[in-house]
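A.B. asks: Sharing a sequence plus its predicted fold:
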Amino acid sequence: MATVDKKSGFCKSTSIFYSKRKPFPLPQNHSVDVTTFISSRAHSGKIAFVDASTGRHLTFPELWRAVDSVASCLSDMGIRKGHVIMLLSPNSIFFPVVCLAVMSLGAIITTTNPLNTTREIAKQIADSKPILAFTTRQLVPKLNGSSLPIVVMDDENHKDAKFVTSLGEMMRKEPSRSQVRDRVSQDDTATLLYSSGTTGASKGVVSSHKNLIAMVQTVLNRFGLEDGEQRFICTVPMFHIYGLAAFATGLLASGSTIVVLSKFEIHEMLSAIEKYRATYLPLVPPILIALVNNADQINAKYDLSSLHSVLSGGAPLSKEVIEGFLDKYPTVKILQGYGLTESAGVGASTDSLEESRKYGTAGLLSPRMEAKIVDPDSGEGLPVNRTGELWLRGPTVMKGYFSNAEATSSTIDSEGWLRTGDLCYIDEDGFIFVVDRLKELIKYKGYQVPPAELEALLLSHPDISDAAVVPFPDKDVGQYPYAYVVRKAGSNLSETVVMDFVARQVAPYKRIRRVKFIASIPKNPSGKILRKDLIKLATSKL
């Protein structure tokens, strides 16, 4: 048996870092879907979801009855295992009802960002081929041009020929106990979420029921939620893996109450903490920084005494931010998490304030997760305190990219290792530190912005002959897209025209915030954009 260093979790003979966290059990029964796994867990929780603005809520019995009713209706409509259902909706207490009902049938849920444009959504529809869409009346125009049958989520009263039915109508139906359901196994696909992955354009990430069940166990394990009911504020989007893994699935298994904000607004969030006596607040670094910067006004206006933890994900927090927060909110501890859509959420985390005070860390590996630090040039596994690409392997790692064998094989190797695209090192105590990104994504307020997508769009402009987009650091949003543009001869294209051209065609978080005209884009001999040079140029005046 190979020896593993107890302190770091590193094994010399295999170059693998093993998780130091206690492993959780996985269900022995292979024929179990994630919905059944969650609904069969015993807990003493009473209220599952509360709408922060209206106070409308779903108790646990109401939630599971609604899930059964919606699943029965979908089954009657001919929805079967393997069918893809699209969900286009802001956060709501009904978002999880749709997800859980779809997955209980062995059908596949694909979510999309309500901020996406009609063009971006049409691309996802063409790729994932859903046969039905759930959306709100306000978002119906975003599905224009698609012939998808629509279930409207927020229209209780009147019939409309455009819609097959409403979610309210489905939830009122008596669940059918006799219907024949396809047998769902843990290896079947449960979700198809779109991520830019470690490179370029958006791709469908295929996660199985097993991946999500392991993520539920990771979430429960992390918070030790057996110690009574907790109340979480859901600030992060449920269409995103962070929101889906924690709020639409994982936390339900603990009996926790989830207070749902339909859109993020800092004062609504603070009022909800006070009103519902929230104990946990998940957020992304820009929100945490806003809490530090405005602490005096916030503490004077809101009673946040119920809050005992904030959970930050998206980027590691600096010592200044952590200590600044603890100084202003001394009774609240900071926990951090690191993960990807491809790892179904949390791959590493800090689970106590003491761990978070290892400043700059992404945390210790999640239970049952293994890691390698691989030299990007030689491919060799590196020991502690050496920087290389972080590879992860474990029960939450995706099956692959949807209908994209090439992208799958360049991201997951034959032994199941997921190449994260992040340059990291693991220290002698087993903590992961993210140093840089190999992948070319721009992270704007925790959202992924693929430069390749914006570059393709810029090149479609008749006055642009070449373009490159790079991340530009910003203390409020993390990074924003900065474009270098080569104008065609004789063109007097302005920065504003370029920014407006892109803004009309993409979600707000993908908009280009600065444009610089340049004579030519630096590239290597094989034609690859030398982004590092452009980033240096962009940031040299900082």
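C.D. replies: Yes, it's here.

A.B. asks: can we go C-alpha only for contacts and neighbour counts from here?
C.D. replies: Fine.

A.B. asks: Distance of the residue lying closest to Gly255 once chain neighbours are set aside relative to Leu281?
C.D. replies: Of all residues not flanking Gly255 in the chain, Gly45 sits nearest, at 4.0 Å (CA to CA, 6 or more residues apart in numbering). Note on Gly45: its distance to Leu281, by CA to CA, to the nearest Å, is 19 Å.

A.B. asks: the more surrounded of the two?
C.D. replies: Between Gly45 and Leu281, counting by other CA atoms under 10 Å, Leu281 is the more crowded of the two (22 against 17).

A.B. asks: tell me the mean pLDDT for the host helix or strand of the more buried one?
C.D. replies: Secondary structure from DSSP states H and E places Leu281 in strand 280-283. Averaged over strand 280-283, pLDDT sits at 92.

A.B. asks: Same question for stretch 391-410.
C.D. replies: Across stretch 391-410, pLDDT averages out at 95.

A.B. asks: Please apply the same query to stretch 189-205.
C.D. replies: Stretch 189-205 comes out at a mean pLDDT of 81.

A.B. asks: sorry, back to before: could you say what helices and strands the strand holding Leu281 packs with?
C.D. replies: strand 231-234, strand 309-313 (3 or more CA pairs under 8 Å, 6 or more residues apart in numbering; DSSP states H and E).

A.B. asks: what sits up against it?
C.D. replies: Strand 280-283 has contacts (CA atoms under 8 Å, 6 or more residues apart in numbering) with 230-236, 307-313.

A.B. asks: The same query, at a cut-off of 7 Å, please.
C.D. replies: 231-236, 307-313 (CA atoms under 7 Å, 6 or more residues apart in numbering).

A.B. asks: what's the answer for stretch 532-542, then?
C.D. replies: Applying CA under 7 Å, 6+ apart, the set of residues contacting stretch 532-542 from outside is Val470.

A.B. asks: What residues sit buried inside that stretch?
C.D. replies: Neighbour counts over stretch 532-542 (16 or more other CA atoms under 10 Å) mark Leu534, Ile535, Ala538 as buried.

A.B. asks: Now render those as TSV, adding secondary structure.
C.D. replies: As requested, these are exported to TSV (DSSP: H, G, I helix; E, B strand; the rest coil):
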residue	secondary structure
Leu534	helix
Ile535	helix
Ala538	helix
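
A.B. asks: quick one, domains of this protein?
C.D. replies: 34-172+186-426, 442-539 (automatic domain parsing).

A.B. asks: and Phe17, which of those domains is closest to it?
C.D. replies: Phe17 lies closest to domain 34-172+186-426 among the domains of the chain, at 5.0 Å (CA to CA).

A.B. asks: What are the neighbouring residues in contact with the residue nearest the centre of the chain?
C.D. replies: The residue lying closest to the centre of the chain (CA atoms, centre = their mean) is Ile241, at 3.0 Å. Listed by CA under 7 Å, 6+ apart, the contact set of Ile241 reads Thr341, Ala344, Gly345.

A.B. asks: is it true that the last one touches Tyr242?
C.D. replies: Just to be clear, that refers to Gly345. Yes - using CA atoms under 7 Å, Gly345 is in contact with Tyr242, at 5.7 Å.

A.B. asks: Neighbour count for the two, which is higher?
C.D. replies: Shown here are Gly345 and Tyr242; by other CA under 10 Å, Gly345 has more neighbours (27 against 23).

A.B. asks: Give the bridge partners for that one, please.
C.D. replies: For Gly345, the beta-bridge partners under DSSP bridges are Leu340.

A.B. asks: State the pLDDT value of Glu265.
C.D. replies: pLDDT, Glu265: 89.

A.B. asks: quick one: it from Ala52, how far?
C.D. replies: 12 Å.

A.B. asks: higher neighbour count, those two?
C.D. replies: Per other CA under 10 Å, whichever of Glu265 and Ala52 has more neighbours is Ala52, with 24 against 11.

A.B. asks: Any idea which of the domains of the chain gets closest to Lys12?
C.D. replies: With CA to CA as the criterion, Lys12 lies closest to domain 34-172+186-426 of these, at 7.4 Å.

A.B. asks: thinking again about what came up before, can you redo the domains of the chain as CSV with distance to Ser8?
C.D. replies: Formatted as CSV, those follow (distance: least, CA to CA, whole Å):
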stretch, distance to Ser8
domain 34-172+186-426, 8
domain 442-539, 29
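
A.B. asks: Just name the most buried of the ones you listed.
C.D. replies: Neighbour counts (mean count of other CA atoms under 10 Å) averaged over each of the domains of the chain peak at domain 34-172+186-426, with a mean of 20.

A.B. asks: show me where the stretch 101-250 of the chain has strands.
C.D. replies: For the stretch 101-250 of the chain, the strands defined by DSSP state E, counting those that start in this stretch occupy 108-112, 132-135, 150-152, 163-166, 189-195, 203-208, 231-234.

A.B. asks: Which other helices and strands does the helix or strand hosting Ile322 contact?
C.D. replies: Using DSSP H and E, Ile322 sits within helix 319-328. Using 3 or more CA pairs under 7 Å, 6 or more residues apart in numbering; DSSP states H and E, the elements in contact with helix 319-328 are helix 285-293.

A.B. asks: Give me the distance from the very next helix or strand once past the helix it packs on to the chain's centre.
C.D. replies: Next helix or strand after helix 285-293 toward the C-terminus (DSSP H and E): helix 295-301. When distances are taken as CA atoms, centre = their mean, to the nearest Å, helix 295-301 is centred 30 Å away from the chain's centroid.

A.B. asks: same question for helix 295-301, mean pLDDT?
C.D. replies: Per-residue scores along helix 295-301 average to 96.

A.B. asks: what residues are up against Leu326?
C.D. replies: Going by CA under 7 Å, 6+ apart, Leu326 touches Val332.

A.B. asks: Which parts of the stretch 301-450 of the chain are helices?
C.D. replies: For the stretch 301-450 of the chain, applying DSSP state H, counting those that start in this stretch gives helices covering 319-328, 353-356, 405-411.

A.B. asks: and of the ones you listed, who's closest to Thr35?
C.D. replies: Between Thr35 and these, the shortest separation by CA to CA is 26.8 Å, and it involves helix 405-411.
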